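[1] coords below, sequence missing:
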Ligand code: XUL
Ligand code: CO
């Protein structure tokens, strides 16, 4: 490859579980079949531009520590162009088929909105060429409605109508760009759509306005022929004290109340799930049984910290339950597994980009194989079916069919009041899972 940014990194080979090479896959083989699909088709891995390319390794206590070859370029547009080329080199070497970005990750803001859009257009043209020559794809696009001070009170839920208008203009452009680059989804994470204190907040108006905004987005997308899937990404807090899209159930309530169910599915992130006091599996399961599982932001949060650490996922045990849900849902397409994850600040060398992604890709590949075996063997599913079998016969079936009410159930209970239950066997089930891992 000409003008490489990472000349010492080869295309990552598969070396198998015995390999000690951090720059080799132990489990991920893109063309390996698991059931009726290849690993690549099941997992649909995606790079998150904001963490992997634009992220500097700063934290609230320190400046950026990341060593990145494009950071020595001082002109912001030249740097943006170099970074985009580096992104495609990383995608190629890692065999990651997709990427995701916010508008402001890929091109710098200008003095005016017009200038900002011009900057964006230039990088988008370059991106389109790189997509065409590499075969890589855009999983989703989104707009950054939370970084600039104009969004201090939110964007679609700002108290200031001028901010609502500006945000609309920004999202209009971001949808156009996503469409132009063949994006398969468009994401709304409610960056600052929430409140800091109820003392200054009209929550009813803010939520109505958020719904108005999303309806306008859907209408505009259809007008320009964008056929991608719209996704909402829940998160309960951070940066605001309370984010409106706090978890999958809150999103479902919002989508139903405002008649948006036909247009939206949900993009679920592990770290957001645990901040909401749920497991990742709980959130995916809830989305699955409500028909709104759209895509996954695949990362891992620190259980001892109350904020969004966005770590690369390396916990196979948890990942098994993620893939179990994905397989039960019949897959993620057009969604995918987006590594919304950043390296720890001390992992600042360029190689860490590759080492980190290899670690996470192997985690999900291994988990996919375990989950597939588990589901094919059916031990867990059979146990659950047996546990609920009373609803498939006799009085249980009548309850399910809707042919009895309280009066009939009272008559039944009078005759059957000596009830016996059976053990839930949690420990036995956990031991079964361990046998597959
Ligand atoms: C923030 C977060 C975002 C979204 C995209 O916590 O997860 O990066 O994924 O805006
Ligand atoms: Co995310």
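    It's in. The structure displayed is predicted, hence computed values, not measured ones. Ligands and ions are numbered 1, 2, ... in the order given.
[2] List, one by one, the residues from this protein near ligand 1.
    Counting by Cβ under 6 Å from any ligand atom, the residues of the chain close to ligand 1 are 50, 102, 142, 187, 189, 233, 235, 269, 297, 308, 340. (Each C-beta comes from the backbone N, C-alpha and C, glycine too.)
[3] distance of the closest residue to the fifth one other than its chain neighbours from residue 410?
    So that's residue 189. Nearest non-adjacent residue to residue 189, counting by Cβ to Cβ, 6 or more residues apart in numbering: residue 233, 3.9 Å away. Distance of residue 233 to residue 410, given as Cβ to Cβ, to the nearest Å: 46 Å.
[4] Compare neighbour counts for the two and give me the winner.
    Neighbour count, other Cβ atoms under 10 Å: between residue 233 and residue 410, residue 233 has more, with 22 against 10.
[5] Pretty sure the more buried one sits against residue 272.
    Yes: counting by Cβ atoms under 8 Å, residue 233 touches residue 272, with 7.2 Å between them.
[6] Identify the contacts common to the two.
    residue 297 (Cβ atoms under 8 Å, 6 or more residues apart in numbering).
[7] Near ligand 2, which residues of this protein are found?
    The chain comes close to ligand 2 at residues 269, 297, 340, as judged by Cβ under 5 Å from the ion.
[8] list the contacts for the residue nearest to residue 92 when sequence neighbours are not counted?
    Distances taken as Cβ to Cβ, 6+ apart put residue 134 closest to residue 92, at 6.4 Å, once the chain neighbours are dropped. The contact partners of residue 134, taken as Cβ under 8 Å, 6+ apart, are 88, 91, 92.
[9] what about the last one, distance to residue 130?
    Read it as residue 92. Taking Cβ to Cβ as the measure, residue 92 falls 10 Å from residue 130.
[10] what do the two both touch?
    residue 136.
[11] Identify the residues contacting the closest residue to ligand 2 within the stretch 151-300 of the chain.
    Closest residue of the stretch 151-300 of the chain to ligand 2, Cβ to the ion: residue 297 (3.6 Å). Residues in contact with residue 297 (Cβ under 8 Å, 6+ apart) are 48, 233, 267, 268, 269, 270, 272, 338, 340.
[12] mind redoing it with 6 Å?
    269, 338, 340 (Cβ atoms under 6 Å, 6 or more residues apart in numbering).
[13] One more: residue 209?
    If a contact means Cβ under 6 Å, 6+ apart, then residue 209 has 156, 157 as its contacts.
[14] try 7 Å
    The contact partners of residue 209, taken as Cβ atoms under 7 Å, 6 or more residues apart in numbering, are 156, 157, 164.
[15] what residue ranges in the chain are flagged as low confidence?
    1-2 (pLDDT under 70).
[16] what are the ranges of the strands in this structure?
    33-34, 37-38, 45-48, 98-102, 137-142, 185-189, 194-195, 229-233, 242-243, 264-269, 293-297, 337-339 (DSSP state E).
[17] Which members of the residues of the chain next to ligand 1 come out as buried by neighbour count?
    50, 102, 142, 187, 189, 233, 235, 269, 297, 308, 340 (16 or more other Cβ atoms under 10 Å).
[18] Just the closest of these to ligand 1, please.
    Of all those, residue 189 has the smallest distance to ligand 1: 3.5 Å, by Cβ to the nearest ligand atom.
[19] Could you report the distance from the closest one to residue 308?
    Using Cβ to Cβ, residue 189 is found at 11 Å from residue 308.
[20] what's around residue 182, how many residues?
    For residue 182, the count of nearby residues is 12 (other Cβ under 10 Å).
[21] Now it: closest residue in space that isn't a chain neighbour?
    Leaving out its chain neighbours, the residue that sits closest to residue 182 by Cβ to Cβ, 6+ apart is residue 138, at 6.0 Å.
[22] and that neighbour, how far is that from ligand 1?
    Residue 138 sits at a distance of 14 Å from ligand 1 (criterion: Cβ to the nearest ligand atom, to the nearest Å).
[23] Residue 183 is in contact with that residue, correct?
    Yes: with contacts counted by Cβ atoms under 7 Å, residue 138 reaches residue 183, the gap being 4.2 Å.
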